Structure formats: structure tokens, C-alpha cells
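Enquirer: The amino acid sequence is not available; the structure is as follows:
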């Protein structure tokens, strides 16, 4: 009786460990991509909002800015080292006439303005989301994140992580070109 109980005491934690390991490893075995976080907003319009322009506190924008042409919405912050890494490529895209709206997320306005003046500004419109409320509505986990938005203001894709040449060529360009 004592031997059976002892074996059972060793076997139960081992089985629990195996089940836990399988549960945790399943996404890795399926080849899931952590940079592709599904968004509940795919196929829906950008949520309604009112935000200030980063340069002019008296100028305000709403969701209407996302209608009329396809574009990228890039969520960034000065405290984000990955945002710094992607900034050069965003300037390159802007120079290729890709329309980009920037959303400065949970940041300091003065630091953000200095960043854009020193590193060049790839954004046609620069939103200032100091409180992070629009980011929250979009389901933003952090910066950088980039949303592809069609000319009707509908979110078509969400990319988490830096936007670089490989990501653009391998994933985003085809989606962007296919949007109206």
C-alpha cells in the first residue's frame, strides 16, 4: 500500500508537468507568429476618437482622417527602442508616397516633437495619445504597432513589432496593395 501511494505521488506531478508542457508548447509547434496578434477590430472601422495634433494643441482630429485613402497607422513612442530602429524605414516608405499617420503613444509631447525634428517626420498627420485611450480602443499592447487601414477607414491588418524592409516585403506590401 505504501509503495503504491509513493509511486502515485511521483507519477501525478510528472503527468501534470507533461500536460502543462504540451499546453505551453502547442503554439510553438503550430508555428504561431508572436508579431501577428489577431485584433478584434480587423474588418471594422477605426474607433471614434478626438486627439490633438502633436505639434499644435489647438488642432484636433477624429476618425474621419482615416477615410479617403489607404494608409498606415503607426503607433510609436520615444521611450520605445524598437520604434527608433524602425523610424528610418518609415521615412523610406513616406518617401515612396506611402501615406502614414503617426500616433505618439503614452509619451511626452516635447520629447516626441524633438524626436520628429531630429529623425525626420514620416507622418502626414501626427496624433498625440498621451493617455493611451485610442491605443486602448485599438487593443495596442505597446509600441511599435502598425495598422493597415483602407480608404473607408476599415482596419485590414495589424502588425506588432518593428516595420522593416523584410516585414514590408514579406507581409504588409501585398495587403497594402490589395486595399482600396
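Expert: Looks like it arrived, so ask away. Keep in mind that what you see is a predicted model, and the values were worked out from it rather than measured.

Enquirer: Every contact and neighbour count from this point should use C-alpha atoms.
Expert: Fine.

Enquirer: Can you tell me the SS state at residue 127?
Expert: strand (DSSP: H, G, I helix; E, B strand; the rest coil).

Enquirer: and it, how many neighbours does it have?
Expert: Per other C-alpha atoms under 10 Å, the neighbour tally for residue 127 reads 26.

Enquirer: now residue 137
Expert: 13.

Enquirer: Surely it is within a helix?
Expert: Yes: per three-state DSSP, residue 137 lies within a helix segment.

Enquirer: what sits against it?
Expert: Applying C-alpha atoms under 8 Å, 6 or more residues apart in numbering to residue 137 gives the contacts residue 47.

Enquirer: While we're on it, how confident is the model there?
Expert: pLDDT, residue 137: 96.

Enquirer: and the gap between it and residue 95?
Expert: 30 Å (C-alpha to C-alpha, to the nearest Å).

Enquirer: can you tell me how far the residue lying closest to residue 150 once chain neighbours are set aside sits from residue 49?
Expert: Ranked by C-alpha to C-alpha, 6 or more residues apart in numbering and with sequence neighbours excluded, the top spatial neighbour of residue 150 is residue 70, at 4.2 Å. As judged by C-alpha to C-alpha, residue 70 and residue 49 stand 19 Å apart.
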